[in-house]
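*Asks:* Below: sequence and its predicted model.
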Amino acid sequence: MVFKKMLSALGVGGPSVDTVLANPNTRPGLALDGQVHLLGGDAPASIEQITVGLVTRVEIEGGDSEYAGIMEFHRMAVSGPLELAPKQQLAIPFQLPVPWETPVTDVYGQRLHGMTMGLRTELAVARAVDKSDLDHVAVHPLPIHERILDAFQALGFRFKHADLERGHIRGVQQTLPFYQEIEFFAAPQYAQTITEVELTFVTSQRGVDVILECDKRGGFLSAGHDVFGRYTVSHADADRADWVQVVDGWLRETTSRYGSLRAQGFGAPHGYGHGHGRGHGMGGLVAGAALGAAGGLVAGELIEDAFEGDFGDFGGDFE
């Protein structure tokens, strides 16, 4: 009996958990529907809580080094305390809202190289080892994202890589403790001015802040440097503009100034209101992430390396 209790505490013969998503594909601002399936073990089990949460890989700077960590950034309780009988089967439905700022992982039906996203289920078992499950999730762009990404492709930019950087961009209202950078090699018509462009979307229910970071080439007597542009568009603008022309205008304006962060609002066709601040390098724009729970979000909880093996890169470039 003592041996069985010891095995149960180690998770042997205990309850198991398996989450089944109705559809692993979603978009920012929508929801993930699914069921948590429980199977009782060899003995009765007291379940303290069942939670589901979105997890992803984030690049984190520490001193002079940078490393990747698996971060849970959004969590919801599916069930409170319950008793699970031996071999009992139980299915608990849930609907998890997807935050508006959730980064895009899949474009044109392919995984963005460098991006991972999963739904983690945690089963907290009294006096025993907690159980968990991880399911892959695909986050697709909203229409406004698609129009802007389509414009980059139409202008000849080639996708390079995407990742998440821990921190906040100054002057931009963020709820998550990281931001996404989608990197492109410069299109031929811009190659004499810039080498690469990093595109960041910070999305809300109202619209999107679009931040551009252009790696500007140096001249005969000047060194290369990064320049920045910030532009604000609403979701309603997705089908109201020639986005190739708009994005081309953003790029030309951004690269025409040294280290400028310009704030633009999408008003009359191709007419914008301006305001700007100075900053050199992303260090001038990024503030450190403040950790702690806010608005129901788990802001920056690094979870165990046990999930690292499930978070291999998927390949499949955005072309």
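*Replies:* Right, received. Where do you want to start?
*Asks:* From what I see, residue 93 and residue 32 are in contact.
*Replies:* No. Using Cβ atoms under 8 Å, residue 93 is not in contact with residue 32; the gap is 11.7 Å. From N, CA and C alone the C-beta is placed, and that goes for glycine too.
*Asks:* neighbour count winner among these two?
*Replies:* residue 32 (23 against 10; other Cβ atoms under 10 Å).
*Asks:* That one: which element?
*Replies:* Applying DSSP states H and E as the criterion places residue 32 in strand 31-39.
*Asks:* That strand pairs with which strands?
*Replies:* strand 16-21 (antiparallel), strand 89-97 (antiparallel) (DSSP bridges).
*Asks:* okay, those strands in CSV with mean pLDDT next?
*Replies:* Output for the strands paired with strand 31-39, formatted as CSV (pLDDT from 0 to 100):
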stretch, mean pLDDT
strand 16-21, 96
strand 89-97, 98
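*Asks:* Let me know which of those strands is tucked in deepest.
*Replies:* Per residue and on average, the most neighbours among the strands paired with strand 31-39 fall to strand 16-21, with a mean of 16 (mean count of other Cβ atoms under 10 Å).
*Asks:* what sits up against it?
*Replies:* 32-39, 41, 50, 52, 119, 121, 123, 131-133, 135, 137 (Cβ atoms under 8 Å, 6 or more residues apart in numbering).
*Asks:* Return the set of buried residues in the strand holding residue 32.
*Replies:* 32, 34-38 (16 or more other Cβ atoms under 10 Å).
*Asks:* so which of those residues comes closest to residue 103?
*Replies:* Of all those, residue 32 has the smallest distance to residue 103: 14.9 Å, by Cβ to Cβ.
*Asks:* give me every residue that touches the residue nearest to the spatial centre of the chain.
*Replies:* Of all residues in the chain, the one closest to the mean position by Cα atoms, centre = their mean is residue 103, 2.9 Å from it. For residue 103, the contact set (Cβ under 8 Å, 6+ apart) comprises 56, 115, 117, 139, 162, 164, 178, 180.
*Asks:* switch to 6 Å and redo it
*Replies:* 164, 180 (Cβ atoms under 6 Å, 6 or more residues apart in numbering).
*Asks:* Of all the residues in the longest strand seen in the chain, which ones are buried?
*Replies:* Taking DSSP state E as the criterion, the chain has its longest strand at strand 45-62. The neighbour-count check on strand 45-62 (16+ other Cβ under 10 Å) flags 45, 47, 50-60 as buried.
*Asks:* can you pull up the bridge partners for residue 231?
*Replies:* residue 210, residue 264.
*Asks:* gap between residue 132 and residue 78?
*Replies:* 13 Å (Cβ to Cβ, to the nearest Å).
*Asks:* One more: residue 195?
*Replies:* In terms of Cβ to Cβ, residue 195 sits 47 Å off from residue 78.
*Asks:* So the two - more neighbours on which side?
*Replies:* It is residue 78, of residue 195 and residue 78, that has more neighbours when counted by other Cβ under 10 Å, with 20 against 13.
*Asks:* any idea whether the more buried one is helix, strand or coil?
*Replies:* Residue 78 falls in the strand class when you classify it by DSSP: H, G, I helix; E, B strand; the rest coil.
*Asks:* That one contacts residue 95, doesn't it?
*Replies:* No. Counting by Cβ atoms under 6 Å, residue 78 stays clear of residue 95, with 9.8 Å between them.
*Asks:* and the closest residue in space to residue 136 that isn't next to it in sequence, how many residues sit next to it?
*Replies:* Excluding the flanking residues, the one nearest residue 136 by Cβ to Cβ, 6 or more residues apart in numbering is residue 118, at 5.5 Å. If you count neighbours by other Cβ under 10 Å, residue 118 ends up with 22.
*Asks:* Would it be right to say that residue 118 lies in a helix?
*Replies:* No. Assessed with three-state DSSP, residue 118 is strand; it does not lie in a helix.
*Asks:* Got the confidence number for it?
*Replies:* Turning to residue 118, the model gives it a pLDDT of 97.
*Asks:* and it, bridged to which residues?
*Replies:* Residues in beta-bridge contact with residue 118 (DSSP bridges): residue 55, residue 136.
*Asks:* Surely it is in contact with residue 134?
*Replies:* Yes. Under the criterion of Cβ under 6 Å, residue 118 makes contact with residue 134 at 5.0 Å.
*Asks:* First-to-last residue distance for stretch 77-84?
*Replies:* 17 Å (Cα to Cα, to the nearest Å).
*Asks:* That stretch: how far from the chain's middle?
*Replies:* With Cα atoms, centre = their mean, to the nearest Å as the basis, stretch 77-84 stands 28 Å off its chain's centre.
*Asks:* same question for it, mean pLDDT?
*Replies:* 96.
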